[in-house]
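**Student:** structural data only, the sequence is not supplied:
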């Protein structure tokens with residue numbers, strides 16, 4: 001049986017197409033999957049016959065099908081800043097990005113939404129509190 005925490009970490013920390021760590025620029029599709037933008041561009045450019053279509057991105061036909069995300073950095077996150085030697089506890093629930101309105105971490109425990117026109121990312125709780133169709137930024 002799949003460990004739920006491991007599944008959440010995989011969704012929120014790794015590209016759904018290349019399985020590499022997410023790095024800016026990060027894009028998302030309408031299904032809510034997160035991708036590295038360069039992985040999507042390589043996927044769209046490589047149309048060779050021997051390449052089998054990836055299930056994770058089979059619905060993406062052009063770069064217009066994804067939205068580049070404006071993510072707010074988490075000031076408490078120190079993941080890539082420190083050298084990992086194995087001598088400290090690595091908190092996988094500590095997230096790299098947070099909601100800029102409420103401050104919830106993007107670690108998979110809370111629902112997040114992004115606005116298609118500007119790419120700003122908020123928690124669902126923040127969008128319910130704001131109740132506005134316009135981006136708060």
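**Tutor:** Perfect, thanks for sending it. The shown structure was predicted, so the numbers you read here are calculated from the model rather than taken from an experiment.
**Student:** which stretches of the chain form strands?
**Tutor:** Ranges of strands within the chain are 26-28, 34-36, 67-68, 72-73, 97-98, 112-114, 121-123, based on DSSP state E.
**Student:** packing partners of the second one?
**Tutor:** Strand 34-36 makes packing contacts with strand 26-28 when contacts are defined by 3 or more CB pairs under 8 Å, 6 or more residues apart in numbering; DSSP states H and E. Backbone N, C-alpha and C define where each C-beta goes, glycine included.
**Student:** sheet-wise, list the partners of the strand it packs on with their directions.
**Tutor:** strand 34-36 (antiparallel), strand 67-68 (antiparallel) (DSSP bridges).
**Student:** which residues are contacting the last one?
**Tutor:** Pointing back at strand 67-68 there. With contacts defined as CB atoms under 8 Å, 6 or more residues apart in numbering, strand 67-68 is touched by 25-29, 37, 114, 116, 119.
**Student:** how's this protein carved up into domains?
**Tutor:** Per the record, the chain has its domains at 1-68, 70-136, by the TED database.
**Student:** got the ones you listed as TSV, with mean neighbour count columns?
**Tutor:** Output for the domains of the chain, formatted as TSV (neighbours: other CB atoms under 10 Å):
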stretch	mean neighbour count
domain 1-68	14
domain 70-136	14
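**Student:** mean pLDDT lowest where, among those domains?
**Tutor:** Mean pLDDT is lowest for domain 70-136 among these, at a mean of 77.
**Student:** could the strands of the chain be laid out in a markdown table, adding distance to residue 4?
**Tutor:** Shown next, in a markdown table, are those (distance: least, CB to CB, whole Å):
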| stretch | distance to residue 4 |
| --- | --- |
| strand 26-28 | 21 |
| strand 34-36 | 18 |
| strand 67-68 | 27 |
| strand 72-73 | 25 |
| strand 97-98 | 20 |
| strand 112-114 | 17 |
| strand 121-123 | 19 |
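**Student:** among those, which is nearest residue 15?
**Tutor:** strand 34-36 (4.4 Å; CB to CB).
**Student:** all set now, cheers.
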